[in-house]
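> how does the following fold in three dimensions:
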Amino acid sequence: MPTSMPAPSIRIPIELLTPTAFAQFGGVIENPAAAPSAKLPIPHRMPPPDSVNANQGSATKYLHVSHMSNLYSLAPSKKPARAVMNMFVCAPRDLKPHEPSQSMPSSWGDLELDDDDEGNGEFNRQLLDVSILERHPFTTQTFIPMGLSQTDRHTQYLVIVAPTLPASASRRNTERPPPYPTPNIARKKSLKDIFARARPRPYSNETSPPPSAFSRLPASARPKGPGLPDLKNLRAFVATGSQAVTYGAGTWHAPMIVIGDRPIDFVVVQFANDVGIEDCQEIHLKPNSSASEGIVVTVDSDGSGKVQVKAGVGSVKAKL
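Numbering: from 1, shown residues only. Modelled structure (predicted):
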């Protein structure tokens, strides 16, 4: 029987996918000079990656645009992983018609997503049910769209992610331990560590050992632990064809969701060791039997089919 957890009844607005907004979940790969975030105010921008001239001066090479993590040394099986590259051909999703609801997204409670005031009638609202989340606990996963223009208004894709709850919250939410326990990464202190902290090193002014490999990683690339997804803080981002996205290892996310007229081909780069439960873990979201809906993303689009940003930086205040 698939692992499941109760889902609250909430509606989630769509945000613009930018490196700053997505930082806790992973990374965004985009041309810094032409990216949507390049036009945002400075507090909402990240410094561009280092760059050098390449190809006899005909190209700019941006360095280390994404961080790839292979954490399979922490997996219970200890089976080593290899780098793999797959392709996902993702068809557009069927959306359901908008129906007014009292549900409100907890993290954006100031938005009137179901305001019934008369508007200009230029936008169409549909709903997307989020019924499953997955994660890859020991590897990053990068989705690279192919054949989709940055200016394509008829087809985009959504990136839906959730933070990870502390492991102790699993029992409070489901009355059972975490469904997919992963090892505790806290390293036991050796005698060498204990003595190193007690006095300076003979040839150094440092009084403690160097930071662990994990502490040097970006926050999104560190192991997330065995906790369930934090559904009340789930977020949805819309991406253009000029953006690739890297999910940090262990980040809970929905399967890739295409919105629009045609499929999108994604090249997907990750590590895998072919142990099913270590490569991918899933949670099915079950709304309360008395609830009319569970977790729903509101998808507003204009006459050309372009998805509208309704929350966060760059949002538009459109009324239906």
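> all helices in the stretch 101-250 of the chain, in order from the N-terminus.
Remark: helices assigned in the stretch 101-250 of the chain by DSSP state H, counting those that start in this stretch are 168-174, 191-198.
> worst average pLDDT in those?
The minimum mean pLDDT among the helices of the stretch 101-250 of the chain belongs to helix 191-198 (a mean of 57).
> what does stretch 280-292 contact?
2-9, 101, 130-137, 179-180, 228-229, 231, 252, 293-295 (Cβ atoms under 8 Å, 6 or more residues apart in numbering). All C-beta atoms are positioned from the backbone trio N, CA, C, and that covers glycine.
> drop anything exposed from those.
5, 7-9, 101, 130, 133-137, 179-180, 228-229, 231, 252, 293-295 (16 or more other Cβ atoms under 10 Å).
> now, the residues you listed that are in strands?
In strands, judged by DSSP state E, the following of the buried ones among the contacts of stretch 280-292 are found: 5, 7, 133, 134, 135, 252, 295.
> you'd agree the fifth one is up against residue 224?
Yes: using Cβ atoms under 8 Å as the test, residue 135 is close enough to residue 224 to be in contact (7.5 Å).
> list residues touching both of those two?
250, 251.
> so who does residue 7 touch?
With contact taken as Cβ under 8 Å, 6+ apart, residue 7 is in contact with 231, 285, 286, 287, 288, 294, 295.
> could you redo these as TSV and give each row pLDDT?
TSV is the format used below for the contacts of residue 7 (pLDDT from 0 to 100):
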residue	pLDDT
231	93
285	94
286	90
287	87
288	78
294	92
295	94
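> now those in CSV, with distance to residue 167?
CSV is the format used below for the contacts of residue 7 (distance: Cβ to Cβ, whole Å):
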residue, distance to residue 167
231, 16
285, 19
286, 21
287, 24
288, 24
294, 23
295, 22
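> from those residues, which is closest to residue 71?
residue 231 (24.3 Å; Cβ to Cβ).
> for residue 139, see how far away that closest one is.
Separation of residue 231 from residue 139 (Cβ to Cβ, to the nearest Å): 23 Å.
> got it, and residue 157?
Applying Cβ to Cβ, the value for residue 157 to residue 139 is 21 Å.
> remind me which residues of the protein are low pLDDT?
1-2, 41-44, 102, 104, 106-107, 109-121, 170-179, 181-218, 314, 316-320 (pLDDT under 70).
> please parse it into its domains.
Domain assignment of the chain by automatic domain parsing yields the ranges 4-46+60-185+223-301, 186-219.
> distance between the first one and the chain's centre?
Put plainly, it is domain 4-46+60-185+223-301. Here domain 4-46+60-185+223-301 shows a centroid-to-chain-centroid distance of 4 Å under the convention Cα atoms, centre = their mean, to the nearest Å.
> got the end-to-end distance for it?
31 Å (Cα to Cα, to the nearest Å).
> do stretch 150-161 as well
22 Å.
> give the buried residues for that stretch.
152, 153, 155, 156, 157, 158, 159, 160, 161.
> for residue 47, state which of these is nearest.
Looking across the buried residues of stretch 150-161 and measuring by Cβ to Cβ, the closest to residue 47 is residue 159, at 22.0 Å.
> which residue sits closest to that closest one, ignoring its sequence neighbours?
Counting by Cβ to Cβ, 6 or more residues apart in numbering, residue 237 is the residue found nearest to residue 159 once chain neighbours are left out, at 4.4 Å.
> got a list of what the one you found touches?
By Cβ under 8 Å, 6+ apart, the neighbours of residue 237 are 14, 15, 16, 17, 21, 22, 158, 159, 160, 161.
> which of the buried residues of stretch 150-161 fall in strands?
155, 156, 157, 158, 159, 160, 161.
> could I get those residues as a markdown table with distance to residue 246?
Listed next are those as a markdown table, based on distance: Cβ to Cβ, whole Å:
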| residue | distance to residue 246 |
| --- | --- |
| 155 | 21 |
| 156 | 18 |
| 157 | 14 |
| 158 | 16 |
| 159 | 10 |
| 160 | 15 |
| 161 | 11 |
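> quickly note the distance from the residue nearest to residue 148 when sequence neighbours are not counted to residue 157.
Closest residue in space to residue 148, ignoring its immediate chain neighbours: residue 241 at 3.0 Å, by Cβ to Cβ, 6+ apart. Distance from residue 241 to residue 157, counting by Cβ to Cβ: 9 Å.
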